[in-house]
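Asker: okay, sequence plus prediction incoming.
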Amino acid sequence: MHRSRDVGLTLAPAAAPWEVVWTRLASLWRTLRVDKFALAGLVYLLLLMVVAVLADYIAPHDPTFQTLGKRLTPGLWSSKGALTFPLGTDHLGRDLLSRLIFGSRVSIVVGLSTVAIAGTLGTLLGLMAGYYRGTIDDLIMRWADIQMAFPGLLLALSILALFGASLQNMVLVLALNNWMWYARLTRGVMLSLRESPFVEAARALGMHDRRIIFKHCFPSLASPLITLGTLEVARMILSEASLSFLGFGVQPPTPAWGLMLAEGRGYLPIAPWMVTLAGLCIGSTVLALNLVATWLRSISDPYQRYKLLQSG
Amino acid sequence: MLVCASLVVFLITNLFADPAKLMLPIASSQVEYEQLKAKLGFYDPLHVRLWRFLEGAVRLDFGKSLWQGVPAMQLVLERLVATALLSFCAISIAALLGVPFGALAAIKPGSKLDRFCTISSLTGVSVADFWLGLMLILVVAVHFKLLPTSGYGGKELILPALTLAARPIGRIALVTRSAMLDELHRPYVTTARAKGLLEGRVVFFHALKNAALTVVTLCGYEIGRIFAGYAVIVETVFSWPGIGQLAVQAITKDDLPVVQAVVFVAACIVVLLNIAIDLCYALLDPRIRHT
């Protein structure tokens, strides 16, 4: 405070950090109250996380335990259903509810870890390309362009077929196939940031490049990156499901939604619930992520946020 | 770019694949295995194989399919028609439904119609296409017995095309909506309205024409995505004999020439599409033509 008195300015007393966080959260909550769909999506995702973490305690059965006598039992919606298997059983007599609950783990793990790896890689490369320009920029972005035109899924399939289909391989392949989006986004923002006065000032002060990039430029990138990341988690969950569905992803008997769809495919006329339920899980999760991403995009744009709050 | 794509595929497949193991019966001896491997040229040094590959690729000759004994390129080209037909139908459906959908939503942002359009487009984007395919089979083909479940032909085309269209419909609608929102605030729209033109004419003729550029880009991009992978899943679900199905068969059997040919052709198509989109720009926007 005494510093500001020296120059004859009175600054408002700095708010305590927790107060800043609180105001931020409150304003987020206000935008959420207006956007009911996003709220529903967020609640759904939180619930899904809880279910995935507590799967061991929530699931009524072991997801891989087979009760062969009870194969293809329908769920509670049918008169033949019983409370032991509320959502029915699959072709090996495994409880579908438990499998769906455990299946959420695969989707979440693949979605988050792929985005984490691809996001880190892409952002770092994009930051470098945008900040240094020149040869580095050309090299990185040319490579990104090449990969963008690649038949991505075909390549992923061939790689997985050769190296063996497993969770880790799938995450790696998906991450290496999708870093370009982050690089493009980061580079675009970085290109305009590097010309801005505050970067020039930082450079004039003799700051290290690393400090300029990460401490000064990176915060402006956080909100578009979070939006992109949310969208990408949705896309990755879909890709994981597709790969597992084709048999190149998660291997049986691990419960995964895409795999359950593939397993249910052969029993479509007799046990349609197998396919329906797994697909609904994938669809609703991806939809929730998309809704949240739309909301994130709208609140990161001040004009749209204003409109949203006005209309509510 | 094409060179890079084919090189990567060549390297990965040649360094790690082992078709000989899959081609021989389980009971065959180690000697037979070595012989076959030598016959397939797997013991030649890498640069010899690379040269052979590049030389062939220039002539669009990727060698014979290890399983069917026919030139790989011929196999791919035969199947290409089916995939092209499928993706063309899917994109036509998507554009015919998505564009008016998005334009209608943009007329009154925030209205019930807009909400409905946005949410249903988001649902379309979120649905797993293979699941949608299976559901369509279940309801339309198995339950109501209206259309055949799978195969190749006119009637069989409807379900896979609809399945493949779901995601592009949603995306096209969303993009059209935001492009139209931008356009409808431009001065020329006010002028058109002030002239007393019918609202429908203003929206669908004046504004939509200017929003078309973005939509065309997206359509091209979506066709590219179908070739680059989405066809694989839908073609598998509906046993549609296109390059996607061929690719999966080839990949599971380590049929290297076919895999290479499919990837090469898919990459070619993506490149050609990009050129086509650029040409469309010039057609749609005179400003680009003159510069």
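Answerer: Great, that's in hand.
Asker: what about the residue of the stretch 151-300 of chain A found nearest chain B, neighbour count?
Answerer: Relative to chain B, the nearest point of the stretch 151-300 of chain A is A:L153 (2.6 Å; C-beta to the nearest C-beta). For every residue, glycine as well, the C-beta is placed using N, CA and C. Residue crowding around A:L153 was assessed by other C-beta atoms under 10 Å in any protein chain shown; the count is 25.
Asker: what pLDDT is listed against the closest residue to it other than its chain neighbours?
Answerer: Spatially, and ignoring its direct neighbours in sequence, A:L153 is nearest to B:G229 (2.6 Å; C-beta to C-beta, 6 or more residues apart in numbering or on different chains). Here the pLDDT value assigned to B:G229 is 72.
Asker: and B:G229, that one's in a strand?
Answerer: No. Secondary structure assignment places B:G229 outside any strand; it is helix (DSSP: H, G, I helix; E, B strand; the rest coil).
Asker: distance of it from B:T236?
Answerer: When C-beta to C-beta, to the nearest Å is the yardstick, B:G229 and B:T236 sit 12 Å from each other.
Asker: find residues that contact each of the two.
Answerer: Among the neighbours of B:G229, those also in contact with B:T236 (C-beta atoms under 8 Å, 6 or more residues apart in numbering or on different chains) are B:G244.
Asker: for A:L124, what are its contacts?
Answerer: With C-beta under 8 Å, 6+ apart as the criterion, no residue contacts A:L124.
Asker: next: the one 3 residues further on.
Answerer: Applying C-beta under 8 Å, 6+ apart, we find A:L127 in contact with A:186-187, A:190, A:213, A:217-218.
Asker: is it true that A:D90 touches A:M274?
Answerer: Yes. Because the distance of 5.5 Å satisfies C-beta atoms under 8 Å, A:D90 is recorded as touching A:M274.
Asker: list the buried residues in the host helix or strand of B:T163.
Answerer: Under the criterion of DSSP states H and E, B:T163 resides in helix B:154-184. Residues of helix B:154-184 classed as buried under the neighbour-count rule (16 or more other C-beta atoms under 10 Å in any protein chain shown) are B:156-177, B:179-181, B:183-184.
Asker: next: stretch A:179-196.
Answerer: Neighbour-count burial for stretch A:179-196 flags A:179-187, A:189-190, A:193-194 (criterion: 16+ other C-beta under 10 Å).
Asker: next: stretch B:259-268.
Answerer: Judged by neighbour count (16+ other C-beta under 10 Å), stretch B:259-268 contains these buried residues: B:259-268.
Asker: repeat that for stretch A:38-52.
Answerer: By neighbour count, and taking 16+ other C-beta under 10 Å as the criterion, the buried residues in stretch A:38-52 are A:38-39, A:41-42, A:44-45, A:48, A:51-52.
Asker: redo those as TSV? Include distance to chain B.
Answerer: Shown next, in TSV, are those (distance: C-beta to the nearest C-beta, whole Å):
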residue	distance to chain B
A:A38	11
A:L39	14
A:G41	10
A:L42	15
A:Y44	12
A:L45	13
A:L48	14
A:V51	19
A:A52	19
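Asker: in what helix or strand does residue 103 lie?
Answerer: All of this is about chain A. For A:G103, the element it lies in under DSSP H and E is helix A:96-132.
Asker: ah, no, chain B please
Answerer: Counting by DSSP H and E, the element that carries B:A103 is helix B:72-107.
Asker: point out where the stretch 51-200 of chain B drops to low pLDDT.
Answerer: Of all residues in the stretch 51-200 of chain B, those with pLDDT under 70 make up the ranges B:52, B:54-67, B:69.
Asker: if you set the cut-off to 90 instead, what comes out?
Answerer: B:51-88, B:90, B:95, B:98, B:100-168, B:170-171, B:174-200 (pLDDT under 90).
Asker: can you list the residues of it near chain A?
Answerer: By the criterion of C-beta under 8 Å from any C-beta of the partner chain, the positions of the stretch 51-200 of chain B lying close to chain A are B:110, B:119, B:122-123, B:125-132, B:134-135, B:137-138, B:142.
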